[in-house]
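K.L.:
Sequence and computational prediction follow.
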Amino acid sequence: MSIFLRTTKSSPITKRFTSFPLFRTHTHATAASTFRKSTRTMMSLSRAAVPAPPSIRRTSAGDNNKQDQRVRGEQVRTFAFGARKAPKGQLPEREPNMGLDPENAQAKKKALERVLGEIDSTFGKGSIMKLGSAGQAKVATFPSGAMTLDMALGGGLPRGRIVEIYGPESSGKTTLAMHAMAEMQKLGGTVALIDAEHAFDPDYAKRLGLNVDDLVVCQPETGEMALEVVDTLVRSAAVDLICVDSVAALVPRSEIEGEIGMVQVGAHARLMSQALRKINVNAAKANTTILFLNQLRSKVGVIYGNPEVTTGGNALKYYSSVRLDIRRKEVIKGKAGEDDLGTRVKVKVAKNKVAPPYKVAEFDMMFGRGISSEGCVFDVAESTGVIEKKGSWYSFKGEQLGQGREKSLLAAKEKEGLYEEIVRLTREAIAAKMGLLSGEASVSSSMDEDDEDEDMFEEEEEEAMAEGGNVAAR
């Protein structure tokens, strides 16, 4: 009958026969029975492929009750997927073979020493080492010129790393970089400036304490030339600090040789990415710090989030060990009818690979003088508890200095030996707080600027207070 139906589907007799309810019910029942049989066959084959361990095979007729089924199911899950996790609050049981055999450990130690020796002989001594035996586990730092910023950085700017300083216009990027360059010169280091913006002012640099006679300056024509000069100076290992001012001015050669308005998609980002791959490795070997100054741009069409973005692509963000976001906080007003004296600057450590990040530092940046080192000392002394503040009054060891920050600072400098004692106690407080004695040396170099430059800036400070500071802000 089934053969007849398959061969004569289109015949009228077949259509009438298959339309009967009895035929349809019989067909559905047959299909369901066939499906159940095939399912049981597949399950039996899968059980045969993965046999159960001997401990859970049927041994008696009592295995069919519900309790035995639960036990057998738990054993199967343990056998198939491993031991269950230990309850919360308890440590999992450790197998006896998981520990290292002492003989095995000795063999592995000898094998490690042998392979380290082979790598040293192939690539040169010092190419691979244990960090504890290298004696270089700690990253050396040098002062930035602002004591509050040194504390936020964990001791100062790192040696042999890439540092990026970015912010809006007239926020103090160049001034901060020049102070860092002056601090490196005081330590006996060699400093180079890649002036891609062609805006270097030697007179202003002298006011900040920079020795322009020993300063190496390059004013490149193209971005390729600037970065090639940086790489050459780094590979020479003769320069301790290189400042690139700025990334936005590193124009690719293709853009300079092309017409104005010609679109160069990604040329600047590719230039920075290719150069930093080489410079980063060489800077670490030569222990040369590279300071990149960068500008901000605004992305079009951004509704949510921060539309500000730095120039040069994302490569500099990845290769930088420290990124500093510098902003103007407020203007320092002069007396009534006089010009403004300076600005209060806020610096956020947006990235730091050598110390805890996201710390904030504030300091005064005076017009024509740069960073107020005395103000930095006063701020750090207040934050460390050396100087107490109650309301608007400042006091030191129970003796009132004055009302207001500026008056208290002037009173401390006028009294003989008082300011020096505040500096000494502040150094000790910083060393105790940071827990590193080398940090004291780094910070002390920043504070020694008071003694070295006191005579130089004493007359200029009096003139600035009297005339209101007529020099334009950098």
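P.N.:
Thanks, I have it. Numbering: from 1, shown residues only.

K.L.:
rest of the way, CA atoms for contacts and neighbours
P.N.:
Noted.

K.L.:
Which positions within stretch 298-313 qualify as buried?
P.N.:
Neighbour counts over stretch 298-313 (16 or more other C-alpha atoms under 10 Å) mark 310-313 as buried.

K.L.:
Equivalent analysis for stretch 238-247, please.
P.N.:
239-247.

K.L.:
now stretch 326-343
P.N.:
326-328, 334, 339-343.

K.L.:
swap in stretch 109-129?
P.N.:
Counting neighbours by 16+ other C-alpha under 10 Å, stretch 109-129 gives residue 116 as buried.

K.L.:
still on that earlier bit, can the buried residues of stretch 326-343 go into JSON lines with extra columns for distance to residue 370, secondary structure and pLDDT?
P.N.:
Output for those, formatted as JSON lines (distance: C-alpha to C-alpha, whole Å; DSSP: H, G, I helix; E, B strand; the rest coil; pLDDT from 0 to 100):
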{"residue": "326", "distance to residue 370": "14", "secondary structure": "strand", "pLDDT": "98"}
{"residue": "327", "distance to residue 370": "15", "secondary structure": "strand", "pLDDT": "96"}
{"residue": "328", "distance to residue 370": "14", "secondary structure": "strand", "pLDDT": "95"}
{"residue": "334", "distance to residue 370": "16", "secondary structure": "coil", "pLDDT": "82"}
{"residue": "339", "distance to residue 370": "16", "secondary structure": "coil", "pLDDT": "88"}
{"residue": "340", "distance to residue 370": "14", "secondary structure": "coil", "pLDDT": "89"}
{"residue": "341", "distance to residue 370": "11", "secondary structure": "coil", "pLDDT": "90"}
{"residue": "342", "distance to residue 370": "9", "secondary structure": "strand", "pLDDT": "93"}
{"residue": "343", "distance to residue 370": "10", "secondary structure": "strand", "pLDDT": "95"}
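
K.L.:
So which of those residues is the closest to residue 211?
P.N.:
Using C-alpha to C-alpha, residue 342 comes nearest to residue 211 of the buried residues of stretch 326-343, at 23.5 Å.

K.L.:
Which residues are in contact with the closest one?
P.N.:
Under the criterion of C-alpha atoms under 8 Å, 6 or more residues apart in numbering, the neighbours of residue 342 are 331-333, 364-367, 473.

K.L.:
just checking, residue 252 touches residue 221?
P.N.:
No: assessed by C-alpha atoms under 8 Å, residue 252 is found out of contact with residue 221, at 9.5 Å.

K.L.:
hang on, residue 128 packs against residue 122?
P.N.:
No: using C-alpha under 8 Å as the test, residue 128 is too far from residue 122 to be in contact (10.7 Å).

K.L.:
what ranges of the stretch 51-200 of the chain fall below the confidence cut-off?
P.N.:
Filtered on pLDDT under 70, the stretch 51-200 of the chain yields the residue ranges 51-100, 133-137.

K.L.:
quick one, strands of it?
P.N.:
For the stretch 51-200 of the chain, the strands defined by DSSP state E, counting those that start in this stretch occupy 141-142, 157-158, 162-166, 191-195.

K.L.:
Output these as TSV; include the columns mean neighbour count and distance to residue 296.
P.N.:
What follows is those, written out as TSV (neighbours: other C-alpha atoms under 10 Å; distance: least, C-alpha to C-alpha, whole Å):
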stretch	mean neighbour count	distance to residue 296
strand 141-142	23	27
strand 157-158	26	22
strand 162-166	25	7
strand 191-195	22	18
